[in-house]
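Participant: Pasting a predicted model and its sequence here:
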Amino acid sequence: MGESINQRSILIALFFSIFVVQSPGILSGLLLPEISQTFNTQIGVCAQIRSFSTTIGAIVAIIMGALSVRIQHKSLLLYGLGFLAFSAIGCCFAPNLSILFITYSLSGIGAAMASPMTSSIAGDYLGDDIRPIAIGMLIASASLAYVIGAPTISQIADRIGWRYTFLTYILFLNLLSILLTQRSVPSPENTLRTQVGLFSGFNTVLKTRSACACLIGAVFGSAAWQGIVFFGTSFYRSSFELPSLMAAYLLAILAIFFSIGSVLSGRITNRVGRRRLTILGLLIMGSCTILFTNLSALWVSFPFAVLGSFFGGIRYAASNNLSLEQLPEFRGTMMSLNNASINLGQTVGALVGGYVLLGNSWRFLGTALGALGLLATLIYYLFSTDPIRQS
């Protein structure tokens with residue numbers, strides 16, 4: 001098999017893995033009203049299912065930063081997909097909210113293992129010229145999961161309920177992803193790399209100011225993004241009394257523009273620069289997060305959500321490319337910590353958003369989360385550097 005064909009098959013496997021990883025978050029965000037109704041609790045309380053899962057995921061991602069220098073990236077990716085499969089089974093049969101929190105958190109563990117390994121594998125096997133484009137495509141896969149998954153999940157849930165959607169959609173996709181990854185991603189002969197110090201990657205990352213800035217910026221940037229991607233559909237359903245299918249179509253539109261932004265970002269990264277695109281994307285995304293919840297008409301609010309999604313895609317691809325190139329010799333550690341930061345940001349976003357909703361309105365939620373995006377902009381501007389542009 002030729003090298004180009006090999007790279008293409010690897011990219012397809014990674015693309016589908018990212019697609020699968022997004023599915024639990026899509027379901028929980030879209031069907032949050034139905035889940036809260038099942039367990040007779042408030043949406044703000046039930047929304048903490050996300051924060052609990054991402055908190056666990058952040059812890060696991062930190063552990064992954066050490067494991068990735070010893071265990072091959074493909075193995076860690078397969079383990080992560082396995083956790084996602086077990087989570088789907090547990091969520092389907094959870095008898096109460098507490099058990100649901102626990103079983104759903106397995107998806108956070110799986111995502112924390114799988115997501116950084118897709119970027120690391122791309123760094124291991126894909127050439128320098130196509131790597132930024134590949135990262136943009138992987139991130140586009142995440143949003144494509146919303147385009148396809150949101151309406152599909154909504155229609156399945158309308159027919160058989162949110163519980164069995166975990167089995168018929170999420171579990172099925174996970175099993176396919178495991179098979180595709182096993183067949184397409186190369187398997188090195190040695191699964192352990194004992195010659196590398198377990199904490200050498202951590203030490204290098206923590207001593208690099210720009211790498212730390214990327215991690216902190218990812219926390220606040222991810223928190224701000226929750227205003228659109230996680231709370232957006234519930235905002236439109238609650239404020240404008242939209243049915244779940246209509247909200248799913250709106251979410252699909254947002255995901256399409258996120259995809260366009262991420263693919264565009266990957267194609268212009270080498271020309272414009274990772275740092276510049278990250279700062280621009282965050283600035284506009286944070287501003288739109290504030291605006292779209294503070295406008296009372298759907299036809300006025302939604303365009304700002306679309307604009308925020310487009311620049312959210314630009315920001316996400318650019319910031320991941322920026323993190324990936326900070327320390328090439330420790331990509332596994334850096335991307336695991338980057339994923340931990342993203343998980344922590346999702347936790348912060350869900351906690352802040354849920355807390356604000358319990359005592360205030362949707363307008364305060366958008367303002368609070370959008371302000372975190374502007375803070376992330378400042379962090380990247382002041383403290384980050386682009387190693388590729390400098391070289």
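Facilitator: Looks like it arrived, so ask away.
Participant: neighbours of the residue nearest to Gly312 when sequence neighbours are not counted, just the number please.
Facilitator: What sits nearest to Gly312 in space, not counting adjacent residues and going by Cβ to Cβ, 6 or more residues apart in numbering, is Met285, at 4.5 Å. C-beta coordinates here come from the backbone N, C-alpha and C atoms, glycine included. Around Met285 there are 30 other residues, counting by other Cβ atoms under 10 Å.
Participant: In this structure Met285 contacts Gly227, no?
Facilitator: No: here Met285 does not reach Gly227: they are 9.2 Å apart, not a contact under Cβ atoms under 8 Å.
Participant: picking that back up, just checking, what packs against the helix or strand where the residue nearest to Gly312 lies?
Facilitator: For Met285, the element it lies in under DSSP states H and E is helix 274-292. Helix 274-292 is packed against helix 209-229, helix 244-272, helix 298-324, helix 362-383, helix 387-390, with contacts defined by 3 or more Cβ pairs under 8 Å, 6 or more residues apart in numbering; DSSP states H and E.
Participant: Now do the contacts for the residue nearest to Gly312.
Facilitator: Neighbouring residues of Met285 by Cβ atoms under 8 Å, 6 or more residues apart in numbering: Gly221, Ala224, Trp225, Ile228, Gly308, Phe311, Gly312, Arg315, Gly373.
Participant: For it, report the pLDDT, please.
Facilitator: Met285 is assigned a pLDDT of 97 by the prediction.
Participant: Roughly how far does it sit from Ala305?
Facilitator: From Met285 across to Ala305, the span is 10 Å (Cβ to Cβ, to the nearest Å).
Participant: ditto for Ile314
Facilitator: With distances taken as Cβ to Cβ, Ile314 is found 15 Å from Ala305.
Participant: got it, and Ser187?
Facilitator: For Ser187 relative to Ala305 (Cβ to Cβ), the value is 43 Å.
Participant: just Tyr125 next, same as before
Facilitator: 36 Å.
Participant: okay, the two: which has more neighbours?
Facilitator: Ala305 (29 against 18).
Participant: Residue ranges in the stretch 151-300 of the chain under the pLDDT threshold?
Facilitator: The model of the stretch 151-300 of the chain has pLDDT under 70 over residues 188-198.
Participant: Could I get the average pLDDT for whatever helix or strand Ser75 lives in?
Facilitator: Here Ser75 sits within helix 73-92, counting by DSSP H and E. Confidence for helix 73-92, expressed as mean pLDDT, is 92.
Participant: quick one, the next helix or strand after that helix and helix 73-92 angle?
Facilitator: Once helix 73-92 ends, the next helix or strand along the chain (criterion: DSSP H and E) is helix 97-125. Angle of helix 97-125 versus helix 73-92, following axes from the mean of the first three to the mean of the last three Cα atoms, to 10 degrees, is 160 degrees.
Participant: Tell me the first helix or strand C-terminal of helix 97-125.
Facilitator: Helix 97-125 is succeeded, C-terminally, by helix 131-160 (DSSP H and E).
Participant: can you give me the offset of that next one from its chain's centre?
Facilitator: Distance, stretch centre to chain centre, for helix 131-160: 11 Å (Cα atoms, centre = their mean, to the nearest Å).
Participant: Stretch 375-388 too?
Facilitator: 20 Å.
Participant: So which residues make contact with that stretch?
Facilitator: 209-210, 212-214, 216-221, 224, 270, 273-276, 278-279, 282-283, 286, 319, 322, 325-326.
Participant: Weed out the non-buried ones from those.
Facilitator: Using 16 or more other Cβ atoms under 10 Å as the burial test, these include 210, 212-214, 216-221, 224, 270, 273-276, 278-279, 282-283, 286, 319, 322, 325-326 as buried.
Participant: Now stretch 204-218 - C-alpha only, CSV.
Facilitator: Extracted as CSV, the C-alpha positions of stretch 204-218 are listed here (Å, rounded to 0.1, in the frame of the first residue of the first chain):
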residue,chain,number,x,y,z
THR,A,204,8.8,20.1,29.7
VAL,A,205,5.3,21.5,29.2
LEU,A,206,5.2,23.2,32.6
LYS,A,207,8.5,24.9,31.9
THR,A,208,7.3,26.3,28.6
ARG,A,209,5.3,29.6,29.0
SER,A,210,3.6,29.5,25.6
ALA,A,211,2.5,25.9,26.2
CYS,A,212,1.0,26.8,29.5
ALA,A,213,-0.8,29.8,28.0
CYS,A,214,-2.3,27.5,25.4
LEU,A,215,-3.6,25.2,28.1
ILE,A,216,-5.1,28.0,30.2
GLY,A,217,-6.6,29.7,27.1
ALA,A,218,-8.2,26.4,26.1
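Participant: next one: that stretch to chain centre, how far?
Facilitator: Remark: stretch 204-218 is offset 19 Å from the chain centroid, using Cα atoms, centre = their mean.
Participant: Stretch 249-268 now?
Facilitator: Counting by Cα atoms, centre = their mean, stretch 249-268 is centred 14 Å from the centre of its parent chain.
Participant: Could I get the buried residue list for that stretch?
Facilitator: 250-266, 268.
Participant: for stretch 16-25, same thing?
Facilitator: The neighbour-count check on stretch 16-25 (16+ other Cβ under 10 Å) flags Phe16, Ser17, Ile18, Phe19, Val20, Val21, Gln22, Ser23, Pro24, Gly25 as buried.
Participant: Just the ones of those in helices?
Facilitator: If you go by DSSP state H, the buried residues of stretch 16-25 have Phe16, Ser17, Ile18, Phe19, Val20, Val21, Ser23, Pro24, Gly25 in helices.
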